[in-house]
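Engineer: here's my sequence, what's the structure:
(chains A and B)
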Amino acid sequence: MIIGIDVGGTHTDGVLLAGEKSPAGVRHEIIATSKVRTKKDNLMSSILEALDVLLIAAGKTEIRRIVLSTTLAANVIVEEKYDPVGLILIPGPGLNPEHLLIGEENLLLSGYINHRGKEVKGLDREELLQGLDKMRERDIRNLAIVSKFSTRNPGLEEEILEFIREKGYPFENITVGHQLSGRLSFPRRVFTAYFNTAIMAVYRDFVSAVKKALAERNLDTEVYILKCDGGTVSLDRVMMAPIETVNSGPAASIMGTMAMSRVHLTKETAIALDIGGTTTDIGLFINGEPVFMPEGIEINGLPSLIRGLYSLSLPLGGDSRISVVEGRIKIGPERDGPAAAFGGPSPTPTDALLVLGYLQEDPAYEASADLQAARGALAQLAGELDPVGYGSFWQDGEFNLTGFARNIIDLMLDSIVGTIREILARLENKPVYTISELLAGIEINPKVLLAMGGPAKGLSPLLAEKLGYREELVPYAKVANAVGAALARPTLQTTVRVDTAASYLNIVEAGVHRKLKPGERYELEDVEELAITWTRKRAEDEAAAVEITERESFNVIRGFSTLGKIMEVKAQIKPGLISRPEGSEIG
Amino acid sequence: MRKVERLKARNRLGLIFFPAFDWEIDPTHPERQERLLYTRDQVFEEGLLDIEGIIEYKPEIATAEDILRANICVPDVEAVCTTSHLISAGGAIRAAELVLEGEVDKAFAIVRPPGHHAFRVVHGARGFCNINNEAVMVEAIRKKYPDIKIAFVDTDAHHADGTQEIYYHDPNVLNISIHQDGRTLYPGTGFLHELGGPGAFARTLNVPLPPGTTDEGLLYVVEEFILPVLEDFKPDLLINSAGQDNHYSDPLTNMRVSAQGYARMNALLDPDLAILQGGYSIESALPYVNVGIILAMAGLDYSYVREPDYDAGKLKQDRAITEDIQRKVEWLQRIWEERDSIDLEKVFGKLDKFYTRDKDIYYDTDGISETQQEKVRVCPDCPGYILIDSTAVRSYSGRRTRIYAVSIPRLSCDNCHREATEEFEEMLSSHRGRYDYIYLQDLKKDKYIARGPF
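Structural biologist: Residues are numbered from 1 along each chain as shown, chains lettered A, B, ... in the order given. This next block holds a predicted model:
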């Protein structure tokens, strides 16, 4: 059996899945769920509480896999619960590095690697020695070391690491920039390395606490952590780049939608909507696969190299407060409490849906909703409305509450539809750099609206109609995130760069940077092969489905002769499910 | 976390970056696929696209009609123009639209191939250019803003002869070119006395710089001559044709300008638009020069942008060069000051109905020799119209093509327009035997006609 646990801001949800082999693969059924309040200061206890409920339900059956989606990294960063981090930067010429100095201590060193990966200027060892001594004097234990173009040549970063070891400096947590990602962007590399170091100590404690808790329960199950790209990383490997697990909530939600719907089987292009109390989260699948954000995610307001699944959160949900501002209707962004129909203080879109009868067939609402309270709360707003814009709501002195409710829902629908259209337009307008790509154009034509969440039942048919999509309600919204975590598979990326003119080979994320051997020849196909092999090797999975995501090949020319080629290939194991759950009801 | 201020561009800058990684003249030609590869790498690694206020846009694809407004293509647009030219021109159009519509404060089109060596009549490629991007852009803008005053400052090391030729008689386009002295570099033109036709005197200004000119000389010209001229002319749109081959590492030229010099020059000029032209030191210069220009245009600190091998001591300007530049600037200053009082007949000879120029144009890229006679109608009320008789000979095949063309500017008066269209009809009916093709480029009516082969 498999366990997925999703630590959310208010609740921690767990789910226990039982697998059953079928001709099509493994089908999973939800056996049990658990829900506990999240204790912000002690995530471990919340996780264990949720876990123990599931373990009891599992009885003596073996647990094969536990996946955690946790807010640990995000909490540590936002609340700055970490020891000071020293930044060592080798920026070389370019942008003024002032805006990058976010370390509690910052050391700028001379030296430069150029865009071809050539070391133009070496380190000044005296400068390095003095800088490190100063860090030690100030009791800095954590370091992030980043040079410009270290993805092209990690030499300077490694030289510093070596120097630290040689001289026996007492630094405990160190991140070197080049291992975080194969992508270019010095500022993003600096910020990502800083945050990675910042969370290392707390994460190490967390990993050992998880291991200890499992030992106490006599479990030798593999534990994985969900990353924000929708993939998992094992507990043993997570310390290589713990920052990849920051903000995995949206990924859990999207992987959950994937697991609970048929989108990855039908391979359709779809918009996923998770309509909650305070927010509506929008995700996107193209041909059945989740889409990455074009750039890396933001961490604490700074851009990073960490890949995340595309997700946009609108401050608009079933419990958003409806108010009248300067005579006009305003929905959200605040939530005052539950809907008026459920004893809340303010009118909400859920109340409007109830008044319109859109949620009537939903047993969850029917039983306890106080329709009179919903009507009353909405009617209270009537007096504040601008008679110029909303005059049509009065007929013979009578306020047309239904029309007013419909107007509120229309406003909400328009806002969601507008945002969806913007997202698609932005992705379609993404710059491209070759003529063939420009001529081909990008067109994203979603066919399906995958909706989940409380108010989804009332809203999604209306939304689907406006958008011209087919509507599909996704069940089990409450545990979808935990299911998404439980069934996510590992992801990994590898960048291989061969420059036959400068004669070097670079497997960026693996830290390989070496001169080509005499007689060693490469064509683009060989580089692709290398990228695939190394991706499988790093994933420790010989059979993993690896895809090439980018390939480039350029001749290097001096005068009129070709000196060699620069080839760069990126390969990945993309996010996906180990299998999908089939089950009719929550056990 | 130490709080730092996130970078924010003082000017909202639109970047149209289109490196055309799948287009080349041929694999070892300077204008080849990876020309902007290292620039892209540097721009990405510096994180420039993450800076608030620097926004990347896709280029448009220019249409054949967009091209015809600027260039008379022989025999037709398809024959002289590949998709990559349409995108490069479309990139320039997009850049101008972004600025004119107020979406951004400034825009930089880092596109290839370049265009400033393409003349009005195009028989093939010269100086790596087929169609004139900038002229295509100007004519696209003028559809919407017919009276707009435009100034070009072309800072490519090669004389902007194509742009000069197309706007030689146009008083609404000020065309300033700073370049390496034509006696020492292709295309061998761009001397002080080339000052524009009788209807647009001193709207063409050339500053030929001696080989070996450094940042000092370049900035001297900008500060002492160009800025005051722009102050007087007051363009509605200022465009820097940003060639980058004045760089000390450029393999095709002999100048000694650095990335700092380029950035400083852009900060001084403060152009609305920059459009990439030449520049073939693709590894050692372009990445740094382009980063410098982007930062300068965005109003950000560019003082840390330096080539890794930069050595200020090695880039000192000879005194002889400094004096040569000072003399030229003085001469040009005097022309500019006296531009409205100069007796044009003393410059151009007796001005009858037509002013005639004979040109020999060599297409180095395609190996074509063209002889051309251009007659401009001298009209007191408008910029007149242009009659062109052009013969091109291909050096390999010896194939000879003769064309006749009538070009009517957008602001021609009704009388000139009538005269010009009559001339076209007359040529078509009575003299077609002499020509392979006859063209009408009627910007006033936005009508383009090609007839032939006869």
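
Engineer: got the phi/psi numbers for B:Pro210?
Structural biologist: Torsion angles at B:Pro210 (phi, psi; degrees, to the nearest 10) stand at phi -70, psi 150.

Engineer: around chain B, pick out the residues from the stretch 151-300 of chain A.
Structural biologist: When proximity is defined as Cβ under 8 Å from any Cβ of the partner chain, the stretch 151-300 of chain A approaches chain B at A:183-188, A:194, A:198, A:295, A:300. The C-beta positions use only the backbone N, C-alpha and C, and glycine is treated the same way.

Engineer: quick one: contacts for B:Pro383?
Structural biologist: B:169-171, B:199-200, B:409, B:411-412 (Cβ atoms under 8 Å, 6 or more residues apart in numbering or on different chains).

Engineer: one more pass at 6 Å, please.
Structural biologist: Contacts for B:Pro383 (Cβ atoms under 6 Å, 6 or more residues apart in numbering or on different chains) come out as B:169-170, B:199, B:409, B:411.

Engineer: and the residues you listed, which is closest to B:Lys447?
Structural biologist: Closest approach to B:Lys447 among the contacts of B:Pro383 (Cβ to Cβ): B:Pro409, at 13.3 Å.

Engineer: relative to A:Lys466, how far out is the nearest residue to A:Ala477 once chain neighbours are set aside?
Structural biologist: Closest residue to A:Ala477 apart from its sequence neighbours, by Cβ to Cβ, 6 or more residues apart in numbering or on different chains: A:Met452 at 4.0 Å. A:Met452 is 18 Å from A:Lys466, where distance means Cβ to Cβ, to the nearest Å.

Engineer: between the two, which one's more packed in?
Structural biologist: More crowded of A:Met452 and A:Lys466, by other Cβ atoms under 10 Å in any protein chain shown: A:Met452, with 26 against 15.

Engineer: got the phi/psi numbers for the more buried one?
Structural biologist: The phi/psi pair for A:Met452 (degrees, to the nearest 10) is phi -140, psi 170.

Engineer: partner residues bridging it?
Structural biologist: A:Asp274 (DSSP bridges).

Engineer: neighbours of the closest residue to A:Phe393 other than its chain neighbours, just the number please.
Structural biologist: Sequence neighbours aside, A:Asn400 is the residue nearest to A:Phe393 in space, at 4.8 Å (criterion: Cβ to Cβ, 6+ apart). Applying other Cβ under 10 Å, we find 15 residues neighbouring A:Asn400.

Engineer: same deal with B:Ile239?
Structural biologist: 29.

Engineer: any idea which helix or strand comes after the strand or helix carrying it?
Structural biologist: Counting by DSSP states H and E, the element that carries B:Ile239 is strand B:237-242. Sequence-wise, the next helix or strand downstream of strand B:237-242 (DSSP H and E) is helix B:259-269.

Engineer: rewinding a little: can you tell me which of the contacts of B:Pro383 is nearest A:Met239?
Structural biologist: Of the contacts of B:Pro383, the one sitting nearest to A:Met239 (Cβ to Cβ) turns out to be B:Asp170, at 67.5 Å.

Engineer: state the distance from the residue lying closest to the closest one once chain neighbours are set aside to chain A.
Structural biologist: In space, and not counting its chain neighbours, B:Asp170 is closest to B:Ala200: 5.5 Å by Cβ to Cβ, 6+ apart. Look at B:Ala200 and chain A: by Cβ to the nearest Cβ, to the nearest Å, they are 36 Å apart.

Engineer: show the contacting residues for the residue of the stretch 351-454 of chain B found nearest chain A.
Structural biologist: Proximity of the stretch 351-454 of chain B to chain A (Cβ to the nearest Cβ) peaks at B:Thr365, 15.0 Å away. Listed by Cβ under 6 Å, 6+ apart, the contact partners of B:Thr365 are B:125-126, B:128.

Engineer: any idea which of those the model trusts least?
Structural biologist: Lowest in pLDDT among the contacts of B:Thr365 is B:Phe128, which has 80.

Engineer: and the helices in the stretch 1-150 of chain A?
Structural biologist: According to DSSP state H, counting those that start in this stretch, the stretch 1-150 of chain A carries its helices in the segments A:43-58, A:72-78, A:125-137.

Engineer: switch those helices over to TSV; also include mean neighbour count, mean pLDDT and distance to chain B.
Structural biologist: Shown next, in TSV, are the helices of the stretch 1-150 of chain A (neighbours: other Cβ atoms under 10 Å in any protein chain shown; pLDDT from 0 to 100; distance: least, Cβ to the nearest Cβ, whole Å):
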stretch	mean neighbour count	mean pLDDT	distance to chain B
helix A:43-58	19	95	21
helix A:72-78	20	92	8
helix A:125-137	15	97	14
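
Engineer: and those helices as TSV, adding distance to B:Arg120?
Structural biologist: Shown next, in TSV, are the helices of the stretch 1-150 of chain A (distance: least, Cβ to Cβ, whole Å):
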stretch	distance to B:Arg120
helix A:43-58	72
helix A:72-78	61
helix A:125-137	59
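
Engineer: out of those helices, nearest to B:Gly452?
Structural biologist: helix A:72-78 (70.3 Å).

Engineer: got the CA coordinates for the closest one in PDB?
Structural biologist: Presented in PDB, the C-alpha positions along helix A:72-78 are these (Å, rounded to 0.1, in the frame of the first residue of the first chain):
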ATOM      1  CA  LEU A  72       8.700  22.900   5.800                       C
ATOM      2  CA  ALA A  73      11.100  24.700   3.400                       C
ATOM      3  CA  ALA A  74       8.700  27.500   2.700                       C
ATOM      4  CA  ASN A  75       8.000  28.100   6.400                       C
ATOM      5  CA  VAL A  76      11.700  28.200   7.300                       C
ATOM      6  CA  ILE A  77      12.300  30.700   4.600                       C
ATOM      7  CA  VAL A  78       9.300  33.000   5.200                       C
END
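
Engineer: and the contacts of that helix?
Structural biologist: Outside helix A:72-78, the residues touching it (Cβ under 6 Å, 6+ apart) are A:43, A:82, A:195, A:199, A:202, A:206, A:245-247, A:300.

Engineer: looking at the residues you listed, which is nearest B:Glu101?
Structural biologist: A:Asn300 (35.4 Å).

Engineer: so the nearest residue to that closest one once chain neighbours are set aside versus A:Ile299, what's the distance?
Structural biologist: Leaving aside its chain neighbours, A:Asn300 sits nearest to A:Ile77 (5.2 Å; criterion: Cβ to Cβ, 6+ apart). As judged by Cβ to Cβ, A:Ile77 and A:Ile299 stand 6 Å apart.

Engineer: which residues are in contact with each of these two?
Structural biologist: A:Phe195.

Engineer: next, the buried residues of the helix ranked longest in chain A.
Structural biologist: Taking DSSP state H as the criterion, chain A has its longest helix at helix A:186-216. Neighbour-count burial for helix A:186-216, counted by 16 or more other Cβ atoms under 10 Å in any protein chain shown, picks out A:186-203, A:206-207, A:210, A:213-214.

Engineer: burial measure for residue 384, as a count.
Structural biologist: Because you didn't say which chain, this covers chain A. 14.

Engineer: chain B was what I was after
Structural biologist: So B:Gly384, with other Cβ under 10 Å, has 27 neighbours.

Engineer: ok so, going back, out of the contacts of B:Pro383, who's nearest B:Tyr280?
Structural biologist: Out of the contacts of B:Pro383, the member with the shortest distance to B:Tyr280 (by Cβ to Cβ) is B:Asp170, at 30.0 Å.
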